[in-house]
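Peer 1: Give me the fold of what follows.
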Amino acid sequence: MLNVFFTVDVEIWCDGWQDIDRKFPAAYSRYIVGTTPAGQYGMPYQLQTLNDHGLKGVFFVEPLFSARFGQQPLQDVTGMVRDAGHEVQLHLHTEWVDEARTPLLPGAQAKRQHLRYFSLAEQASLIKAGAGMIEMTGCKRPNTFRAGSFGFNRDTMDALAANGIAFDSSYNATTFGLDSGLLPGQVASEPFECAGVWEYPMTVFKEGTGRQRHAQLTACSYAELEGLLWQALEAGRSSFVILSHSFELLNARMDRRDDIVVKRFDKLCAFLNRNRDSFRTCGFDGLVPPRAAVQPPLLASPLWRTGGRIAEQLVRRFA
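Peer 2: Okay, here's the model as predicted:
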């Protein structure tokens, strides 16, 4: 049995930092609800589809935006997830720190894009603030964290431990994972412990061209994801971590649904439901980590599947 973590990063952006108070309502409608002429293809669609197939999702909710726009929008987001029976976990995009009406950190007056650009003490303070914001919406305290844009480092693990957060899913070998200070000289693809915190890395694989790619709904075809899931199961892996976003079923202009990605999502959910004797979608609440093991080689996808995905992505780009 392979544990599959279908993770959704829930974020709101106002497409720039000018006039954000006026832009926020429309941004919420796009990035959270996914409003299109054909219906809602954001979180409501994702939650309903997961429930229709009896699957579990992990929603990493970014709360720092509420330091600018108030608690109610954040409460609406976490309430959607909680009421649908899925996990609310913590996600931080530090671009919001200097936009807070009440300072989150002393003297924070300039943007620092990634959490890794903050000191250990500052990271611990921001994680504490974010977890508190989630709790204030009526959810239980998060026990799992993911840094925005996977921009974490070794200090992040100590900051999480100081806040009693048991799990992290910030390691991504295609971004900052290799220079994060965790497991120097290795590429992590299976869970491991650091500073008392269990790291669950993003699933990363070698595509047919030899390049590394992470398992993300908009970055992989359905055929790639299905093939990699079977390969991970046959290799005896303990976990498979998939990335999505609250707005990922919309096109790049965010003015209509992305038919190809919606189809990928629907097919993936149907596949996981149909093969629940082999794949268990799960979250981090009550999770028992596996025994520590040597990091295995990356999964690999054949060239013909890579070619199929490239063709799909070209259609998406020009559709």
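Peer 1: Give me the buried positions along stretch 52-59.
Peer 2: 53, 55-59 (16 or more other CB atoms under 10 Å). To be clear about C-beta, it is placed using only N, CA and C from the backbone, and glycine gets the same treatment.
Peer 1: Distance to Gly39, pLDDT and secondary structure added to these, as TSV?
Peer 2: Converted to TSV, the buried residues of stretch 52-59 look like this (distance: CB to CB, whole Å; pLDDT from 0 to 100; DSSP: H, G, I helix; E, B strand; the rest coil):
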residue	distance to Gly39	pLDDT	secondary structure
His53	19	98	coil
Leu55	21	98	coil
Lys56	24	98	coil
Gly57	20	98	strand
Val58	24	98	strand
Phe59	20	98	strand
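Peer 1: just those residues now: which is nearest Gly85?
Peer 2: Nearest to Gly85 among the buried residues of stretch 52-59: Lys56, at 8.1 Å, using CB to CB.
Peer 1: check contacts around the closest one.
Peer 2: 6, 50, 86-87, 281-283 (CB atoms under 8 Å, 6 or more residues apart in numbering).
Peer 1: switch the cut-off to 7 Å
Peer 2: Taking CB atoms under 7 Å, 6 or more residues apart in numbering, we find Lys56 in contact with 86, 281-283.
Peer 1: Arg253 in helix, strand or coil?
Peer 2: Under DSSP: H, G, I helix; E, B strand; the rest coil, the three-state class of Arg253 is coil.
Peer 1: ranges for the strands of the protein?
Peer 2: Counting by DSSP state E, the chain has strands at residues 2-10, 35-36, 39-40, 57-61, 87-92, 144-147, 167-168, 192-194, 197-199, 204-206, 212-214, 239-245, 279-281, 299-300.
Peer 1: Is it possible to get TSV of those strands that adds distance to Val81?
Peer 2: Shown next, in TSV, are the strands of the chain (distance: least, CB to CB, whole Å):
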stretch	distance to Val81
strand 2-10	8
strand 35-36	18
strand 39-40	15
strand 57-61	5
strand 87-92	5
strand 144-147	13
strand 167-168	17
strand 192-194	27
strand 197-199	22
strand 204-206	26
strand 212-214	23
strand 239-245	13
strand 279-281	15
strand 299-300	29
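Peer 1: out of those, nearest to Thr156?
Peer 2: strand 144-147 (6.3 Å).
Peer 1: I'd like the contacts of Lys56 laid out as a markdown table, including pLDDT.
Peer 2: Converted to a markdown table, those look like this (pLDDT from 0 to 100):
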| residue | pLDDT |
| --- | --- |
| His86 | 98 |
| Thr281 | 98 |
| Cys282 | 96 |
| Gly283 | 98 |
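Peer 1: Out of these, which two sit at the greatest distance?
Peer 2: Across the contacts of Lys56, the longest distance by CB to CB is 11.1 Å; it joins His86 and Cys282.
Peer 1: The two - which one has more neighbours?
Peer 2: The residue with more neighbours, out of His86 and Cys282, is His86; 22 against 19, by other CB atoms under 10 Å.
Peer 1: Chain neighbours aside, what residue packs nearest to that one?
Peer 2: Gly57 (4.4 Å; CB to CB, 6 or more residues apart in numbering).
Peer 1: That neighbour: what's it in contact with?
Peer 2: Counted by CB under 7 Å, 6+ apart, Gly57 has contacts 6, 8, 50, 86.
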